[in-house]
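S.K.: task: produce atomic coordinates for the following.
(one chain, ligands or ions: 3)
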Amino acid sequence: MTSASRASVLAWLCVLLMLSVCLLVPTSAHARLISEDSTSPEFPSDPAFATGSLLIPLDNLALSPGDRSFSITVGGTQFHFETLSSHGLGGRVLQTFDLPVVLTITPPVPVVGLIVTNAECGGRATFVGSLGTEVGEGNYGRFLGAAEIGDISTVTLEDRCADGSSWPSLRFVPGGAGQADLAASKTSNPAVVGAQAPLSYSIDVANVGRDAARNATAVDFLPPGVTIQSTSPGATLRPPVVNWSLGDLAPGASQSVSLLVTTPPVETFSCEDTLLNLAETTTSTGESTLRNNLAFTTTRFDKASRASQPENCNNHIDDNCDGFVDCNDPACLGTCNAAVSAAIAPVPVAPDDATAALWWIRYVIPTPGACIGFLGGTQLEPVCCDPHQVFLSCGGLFPNDPNFKEANPPTNVFGYGHAAAGQAITYTIHYENIGTGDAHDVSILDPLHPRLDETTLLINNDGGYDPATRVIV
Ligand SMILES: [Ca+2]
Ligand SMILES: [Ca+2]
Ligand SMILES: [Ca+2]
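M.R.: Numbering: from 1, shown residues only. Ligands and ions are numbered 1, 2, ... in the order given. Below you'll find the model as predicted:
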């Protein structure tokens, strides 16, 4: 996802580029590929088959070369398996020759797999469900299947080097994958909050589907730095995650949970901070959609709560939240640039007045240790907006985190850089699944900094924007 927007105010002042927290949320935890040795006495051992499955030796179906479909009737329901492949299903056993066979299943099934034999380079099976896709590879007796990816409607069979593969038997669980549909919503109070202040959250979970949702849960991902004060009953606390087991939810039923936290101490807030809180709901029953399982709220830091703080002119922090850091702040005039202060009288600077800010900076002479190095349109001393005092002009110094966000113009490793007023900033979010299972329906949430102009926002990769919370999803 890339977003571009304009710095709208405070010309030539440093712009904090580490603007937000990006969160990756896999919302289908149990989806899996099934890969088993079909010659093992334990086969099939996957719990997906515990409730009963059908093993279909395809040679019992008496398929002829060129046949493109077969049907199996279970409990009055006819399951139809069909391919549009020109060479059909291959004959006595299902074969792929030099082209993949795309097998459609009508109606879809919750669990399906096949045994592969005689693949030149190993067989590959791709299972497409309503909630995700699984891909398995194997050879000579390996059973490849998939479960908990919703209603599986398509299986693509192929050989990894396109020389042909044979799939002599098929196993599936008849019946739909379930049509529960949990929907989460979330509220927070208050909307703007100071440091070390109470902040409450509530999460509502409703089953809007037609089937019961078994083993429903509500999970809250707390913002960094908050401390938990209390929760509604039944919570399991593993900060920064709080989890509630809700049991089974009948169609139309709903439950609410809540928690109270204390916001972080003032030292950990920047003036423009936004606390992003996420909630997710899950069920072991198949859902018709996972898009509504995630809910979030944002809470702005109350800048006014720090207006009376004195500006420390040497700590690289905007202590009083007037938009000006250290020597940029009129309160520091005479402290940071004595030579200049004699010639230039302090001027009242409105926090969001770009013209006033420009005027002020233009007449500051760069001196060693001073926080501004801009004169005549050339350069800023970047340390002025970097409390860590390390500026490495590097997009991409993020070797340890597979999930990171970079900006152009670039920032240092702590996310600090600078941009001119009106300049476009491009953010690129990189993400990677370093686990051993597939992550389905991954969401990326990115709160937009309050001083970036949302009217110029461009979002790539099918992202959406919620203007109420200023969060890109
Ligand atoms: Ca849902
Ligand atoms: Ca300061
Ligand atoms: Ca200030």
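
S.K.: what's next to stretch 99-106, contact-wise?
M.R.: Residues from elsewhere that reach stretch 99-106, judged by Cβ atoms under 8 Å, 6 or more residues apart in numbering: 79-87, 89-90, 94-95, 112, 152-158, 162, 172. All C-beta spots, glycine's among them, are computed from the backbone N, C-alpha and C.

S.K.: buried residues in that stretch?
M.R.: 100, 101, 102, 103, 105 (16 or more other Cβ atoms under 10 Å).

S.K.: first to last residue in stretch 154-170, what's the distance?
M.R.: Stretch 154-170 has an end-to-end distance of 14 Å (Cα to Cα, to the nearest Å).

S.K.: how about stretch 50-57: buried residues?
M.R.: Neighbour counts over stretch 50-57 (16+ other Cβ under 10 Å) mark 53, 56 as buried.

S.K.: list the residues that contact the residue nearest to residue 63 when sequence neighbours are not counted.
M.R.: Leaving out its chain neighbours, the residue that sits closest to residue 63 by Cβ to Cβ, 6 or more residues apart in numbering is residue 89, at 5.5 Å. Residues near residue 89 by Cβ under 8 Å, 6+ apart: 58, 63, 67, 68, 69, 70, 83, 95, 101.

S.K.: among those, which pair sits farthest apart?
M.R.: Farthest apart among those by Cβ to Cβ are 69 and 95. That separation is 15.1 Å.

S.K.: more neighbours: these two, which one.
M.R.: Neighbours were counted for residue 69 and for residue 95 using other Cβ atoms under 10 Å; residue 95 has more, 21 against 15.

S.K.: my guess is that one contacts residue 165. True?
M.R.: Yes: between residue 95 and residue 165 there is a contact at 7.0 Å, judged by Cβ atoms under 8 Å.

S.K.: flag every residue of this structure that's near ligand 1.
M.R.: By Cβ under 5 Å from the ion, the part of the chain that sits against ligand 1 consists of 181, 182, 287, 292, 293.

S.K.: if you set the cut-off to 6 Å instead, what comes out?
M.R.: Neighbours of ligand 1 within the chain, by Cβ under 6 Å from the ion: 181, 182, 183, 287, 289, 290, 292, 293.

S.K.: just send those residues back as a markdown table, with pLDDT too.
M.R.: Converted to a markdown table, the residues of the chain next to ligand 1 look like this (pLDDT from 0 to 100):
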| residue | pLDDT |
| --- | --- |
| 181 | 88 |
| 182 | 93 |
| 183 | 95 |
| 287 | 75 |
| 289 | 76 |
| 290 | 76 |
| 292 | 87 |
| 293 | 88 |
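
S.K.: buried ones only from the contacts of stretch 99-106, please, as a PyMOL command.
M.R.: Buried subset of these, written as a PyMOL selection, criterion 16+ other Cβ under 10 Å:
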select buried, resi 79+81+82+83+85+87+89+90+94+95+112+152+153+155+156+157+158+172
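
S.K.: quick one, what contacts the residue nearest to residue 242 when sequence neighbours are not counted?
M.R.: Closest residue to residue 242 apart from its sequence neighbours, by Cβ to Cβ, 6+ apart: residue 220 at 4.5 Å. By Cβ under 8 Å, 6+ apart, the contact set of residue 220 is 201, 203, 241, 242, 243, 259, 277, 278, 279.

S.K.: quick one: average pLDDT of the one helix or strand the fourth one maps to?
M.R.: Residue 242 is part of strand 241-249 when elements are defined by DSSP states H and E. Average pLDDT, strand 241-249: 94.

S.K.: what's the answer for stretch 109-119, then?
M.R.: Per-residue pLDDT values across stretch 109-119 average out to 88.

S.K.: what comes up buried for that stretch?
M.R.: 109, 110, 111, 112, 113, 114, 115, 116, 117, 119.

S.K.: one more: stretch 66-81?
M.R.: Within stretch 66-81, the residues scored as buried using 16+ other Cβ under 10 Å are 68, 70, 79, 81.

S.K.: for those residues, which one is nearest residue 148?
M.R.: Each of those was checked against residue 148 using Cβ to Cβ; the closest is residue 79, at 19.0 Å.

S.K.: please tell me how far the closest one sits from ligand 1.
M.R.: Here the criterion is Cβ to the ion, to the nearest Å. By it, residue 79 lies 26 Å from ligand 1.

S.K.: now do residue 85
M.R.: Noted for residue 85: a distance of 35 Å to ligand 1, by Cβ to the ion.

S.K.: hang on, that residue packs against residue 68?
M.R.: Yes: between residue 85 and residue 68 a contact is recorded at 7.2 Å, counting by Cβ under 8 Å.

S.K.: what parts of the protein come near ligand 2?
M.R.: 311, 312, 315, 317, 319, 325, 326.

S.K.: per-residue confidence at the last one?
M.R.: It stands for residue 326. 78.

S.K.: same question, the first one
M.R.: According to the prediction, residue 311 has pLDDT 87.

S.K.: any chance you could list what contacts the helix or strand following the strand holding residue 242?
M.R.: With elements assigned by DSSP H and E, the helix or strand that comes after strand 241-249 is strand 254-262. For strand 254-262, the surrounding residues in contact (Cβ under 8 Å, 6+ apart) are 196-207, 216, 218, 220, 222, 226-232, 234-235, 242, 244, 246, 249.

S.K.: narrow those to just the buried residues.
M.R.: Buried members of the contacts of strand 254-262, counted by 16+ other Cβ under 10 Å: 199, 201-207, 216, 218, 220, 222, 226, 228, 231-232, 235, 242, 244, 246, 249.

S.K.: out of those, which are inside strands?
M.R.: Those of those mapping onto strands are 199, 201-207, 216, 218, 220, 228, 231, 235, 242, 244, 246, 249, per DSSP state E.

S.K.: how is this structure divided into domains?
M.R.: For the chain, the structural domains run 1-24+308-473, 32-173, 178-292, going by automatic domain parsing.

S.K.: whatever residue of the stretch 151-300 of the chain ends up closest to ligand 2 - nearest residue in space that isn't next to it in sequence?
M.R.: With Cβ to the ion, the shortest gap between the stretch 151-300 of the chain and ligand 2 falls at residue 271, namely 10.9 Å. The shortest distance from residue 271 to any non-neighbouring residue, by Cβ to Cβ, 6+ apart, is to residue 321 (3.8 Å).

S.K.: contacts only, for the one you found.
M.R.: Applying Cβ under 8 Å, 6+ apart to residue 321 gives the contacts 271, 303, 304, 306, 307, 309.

S.K.: now name the helix or strand holding residue 167.
M.R.: Going by DSSP H and E, residue 167 is in strand 166-173.

S.K.: now residue 153
M.R.: Going by DSSP H and E, residue 153 is part of strand 142-159.

S.K.: now do that strand, average pLDDT.
M.R.: Strand 142-159 carries an average pLDDT of 90.

S.K.: distance of residue 217 from ligand 3?
M.R.: From residue 217 to ligand 3 the distance is 44 Å (Cβ to the ion).

S.K.: mind listing what that residue touches?
M.R.: Under the criterion of Cβ under 8 Å, 6+ apart, the contact list for residue 217 reads 243, 244, 245, 246, 281, 282, 283.

S.K.: could you point out which element follows the helix or strand containing residue 106?
M.R.: Using DSSP H and E, residue 106 falls within strand 101-117. Once the chain leaves strand 101-117, the next helix or strand it forms, by DSSP H and E, is strand 123-129.
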